[in-house]
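Asker: please find the sequence and the predicted model below.
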Amino acid sequence: MQDNLLTKLIRDLGKRERRALLQWVSSPAHNTRADVKRLCDHLCAHTGYGETDEPESNLDAQSVSAVVFPPETQKGRPVQPRQLHDVTSWLLSAAKEWLVYEAQQNDPTDRQIRLCRTLRRRGCTKLYEQETRKLLALPLQAGADAYLQLYRIRFEAWEARHRQPGSDAGPLFDAATHFGAFVCISALRHGCAALDKAADPLQLDFLPESLALLEAGRYAEIPGAQVYYHCFRLMQRAETRHFYALRDLLAQHSAAFPPEEIRDVWLVAINFCIRQVNTGERAVWTQEALNLYKQGLDLEVIMENGRLSRATYYNILLLAVSTGAWEWAWDFLHQYRKNLAPGEQHTGFHFGLATWHFRRREYDAAQDILRSVEFRDAGMNLDARRMLVRIYFDRNELEALDALLHSFRIYLQRHRNIGYHKDLNLNFLRMVNQLIRLEPGDSAGRRKLAQKIRELPMLAEREWLLEKSEQ
């Protein structure tokens, strides 16, 4: 049973969710079959968490059948293969119903709208009015779905009152305004997604009309529309005025968006800053990127389910040390270590710590970490080796440097699945070897090497190599 849909679903559930599923299946309102409950108990107890290639004990058909169909329930009859298949299907159906229930529990607005609609249709006027007041008091977010919910709320109010004598069309116009905002925000989100895939966004339905409405002043007071408008224009035109507008909007309104929705917008703003670093105002844009990361950490919008990717963890560190924020970088490394994936916390933290010491030219501390920690990830391994090359070169430890260059080359030859990183690092090793062979006072040789470093299309540590070739 290890590879069927049911076990795959259960494998994705945490401990709390498994307990909730067991409670659901144990309730007579949702399941009256004891064999379905026994199967659920067994699978929740013996199915692993997440993806695994390891065989899980007690999940073969024979073991599961023995638990689901104990002898006292069979009355001497043998268990038929079809029986386990049927119980599995019933449990899968119950689990899907529970997933829908869980989703509704996490969406109180949708649940309240459905309740109000049902009460209205049943003619429960007083209870309907009481629950409608609760509905209108619920906090709403600023994303596209929030305006769809507002449309549903206002249209529900219209449905309840438009047949009454003396009623006006106010709720209908309110509903239409919110529906228009939903369409506008959705169209702009789709436009951003199209730009991300290098597709023509203006072929999307409603996007040209939405842009025209916004530029005519419509939806000026709707944060969702403004955020996505400036995000779209920033991706499309890369103009700094859109960046600053987007930055200010994110600072004011990010908390009102669903984190999974606003995260992509934050990354658009951060990536724009990083691209701008190479335009000549390096210090300004490095600080802007770091500020965005700091705010994103505070709001938890750049994390996914409380997790910080290793690449983001390292990028934040590099930005911090580039601006000279050494103490903040040190605190960040330690504070957010726990937010890395469990399998990355040891190596990710120590690699960051080695980088922190290396950038401060505290070579002894950096060397100790780089020599004592095994970096199995190819990217970190390559970065660690290059740091050691630079340390040995700066310290003029030529014997250790020669041995490292040799072992580095062998590593690159043995690892053929690292793509373009192989060429980047092989060219780096070639340039370091040529640097070592330069004779003191050979100005012409240094100029020639510096030109070669500038022209090589695939080269790691280009800035450092240029600095050393021009000394």
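Answerer: All right, it came through fine.
Asker: next up, the contacts around the residue nearest the centre of the chain.
Answerer: Geometric centre of the chain, nearest residue: Glu304, 4.6 Å, by C-alpha atoms, centre = their mean. Counting by C-beta atoms under 8 Å, 6 or more residues apart in numbering, Glu304 touches Glu260, Arg263. From N, CA and C alone the C-beta is placed, and that goes for glycine too.
Asker: partners of it in the sheet?
Answerer: Here Glu304 sits in beta bridges with Arg307, going by DSSP bridges.
Asker: quick check: it vs Arg263, distance?
Answerer: Computed as C-beta to C-beta, to the nearest Å, the Glu304 to Arg263 distance reads 7 Å.
Asker: same question for the helix or strand that Thr177 is a member of, mean pLDDT?
Answerer: Thr177 is part of helix 170-196 when elements are defined by DSSP states H and E. Averaging pLDDT along helix 170-196 gives 93.
Asker: so how far is that helix off the chain centroid?
Answerer: Relative to the centre of its chain, helix 170-196 is centred 24 Å away, using C-alpha atoms, centre = their mean, to the nearest Å.
Asker: which stretches of this structure form strands?
Answerer: Here the chain has no strands by DSSP state E.
Asker: helix or strand with the lowest mean pLDDT in it?
Answerer: Lowest on mean pLDDT, DSSP states H and E among the helices and strands of the chain sits helix 71-74, with a mean of 80.
Asker: quick check: pLDDT value at Ile113.
Answerer: Listed pLDDT for Ile113 reads 85.
Asker: list the contacts of it.
Answerer: Per C-beta under 8 Å, 6+ apart, neighbours of Ile113: Leu135, Gln149, Arg152, Ile153, Glu156.
Asker: rewinding a little: helices or strands up against the helix holding Thr177?
Answerer: Helices and strands touching helix 170-196, by 3 or more C-beta pairs under 8 Å, 6 or more residues apart in numbering; DSSP states H and E, are helix 144-161, helix 207-215, helix 223-237, helix 259-276.
Asker: dump those helices to a markdown table, plus mean neighbour count.
Answerer: Listed next are the helices and strands packed on helix 170-196 as a markdown table, based on neighbours: other C-beta atoms under 10 Å:
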| stretch | mean neighbour count |
| --- | --- |
| helix 144-161 | 20 |
| helix 207-215 | 17 |
| helix 223-237 | 23 |
| helix 259-276 | 18 |
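Asker: just send those helices back as a markdown table, with distance to Tyr49 and mean pLDDT too.
Answerer: Output for the helices and strands packed on helix 170-196, formatted as a markdown table (distance: least, C-beta to C-beta, whole Å; pLDDT from 0 to 100):
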| stretch | distance to Tyr49 | mean pLDDT |
| --- | --- | --- |
| helix 144-161 | 30 | 86 |
| helix 207-215 | 42 | 96 |
| helix 223-237 | 36 | 96 |
| helix 259-276 | 22 | 93 |
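Asker: so which of these is nearest Arg376?
Answerer: Of all the helices and strands packed on helix 170-196, it is helix 259-276 that lies closest to Arg376, at 27.1 Å by C-beta to C-beta.
Asker: and the closest one, how far from the chain's centre?
Answerer: 11 Å.
Asker: what are the contacting residues of that helix?
Answerer: Contacting residues not belonging to helix 259-276 are listed as 143-144, 192, 227-228, 231, 234-235, 238, 240, 243, 246-247, 250, 254, 257, 285-286, 288-289, 292-293, 296, 300-304 [C-beta under 8 Å, 6+ apart].
Asker: list the contacts for Gln83?
Answerer: Ser65, Phe69.
Asker: I'd like the distance between it and Gly191.
Answerer: According to C-beta to C-beta, Gln83 and Gly191 sit 53 Å apart.
Asker: equivalent analysis for Phe408, please.
Answerer: From Phe408 to Gly191 the distance is 45 Å (C-beta to C-beta).
Asker: neighbour count winner among those two?
Answerer: Each of Phe408 and Gly191 has its neighbours counted (other C-beta atoms under 10 Å); Gly191 has more, 28 against 21.
Asker: who are the contact partners of that one?
Answerer: Applying C-beta under 8 Å, 6+ apart to Gly191 gives the contacts Pro201, Leu202, Leu204, Leu207, Tyr228, Phe232.
Asker: only the buried residues of the helix holding Thr177, if you could.
Answerer: Of the residues in helix 170-196, those buried by neighbour count under the rule 16 or more other C-beta atoms under 10 Å are 171-172, 174-175, 177-192, 194-195.
Asker: that one to helix 144-161, inter-axis angle?
Answerer: With axes from the mean of the first three to the mean of the last three C-alpha atoms, to 10 degrees applied, the angle from helix 170-196 to helix 144-161 works out at 160 degrees.
Asker: what's the angle from helix 170-196 to helix 207-215?
Answerer: Helix 170-196 runs at 120 degrees relative to helix 207-215, counting by the same axes, to 10 degrees.
Asker: show me the helices in the stretch 251-400 of the chain, by range?
Answerer: 259-276, 282-299, 310-322, 326-335, 345-359, 363-372, 378-394, 398-414 (DSSP state H, counting those that start in this stretch).
Asker: those helices: which one's closest to Ala45?
Answerer: Going by C-beta to C-beta, the one of the helices of the stretch 251-400 of the chain nearest Ala45 is helix 345-359, 27.9 Å.
Asker: please work out which residues outside that closest one touch it.
Answerer: With contacts defined as C-beta under 8 Å, 6+ apart, helix 345-359 is touched by 310, 313-314, 317-318, 321, 326, 329-330, 333-334, 337-338, 340, 363, 365-366, 369-370, 373-377, 380, 383-384, 387, 390-391.
Asker: same check, this time on stretch 7-21
Answerer: Here stretch 7-21 has contacts from 1, 40, 43-44, 47-52, 59, 92, 95, 98, 102, using C-beta under 8 Å, 6+ apart.
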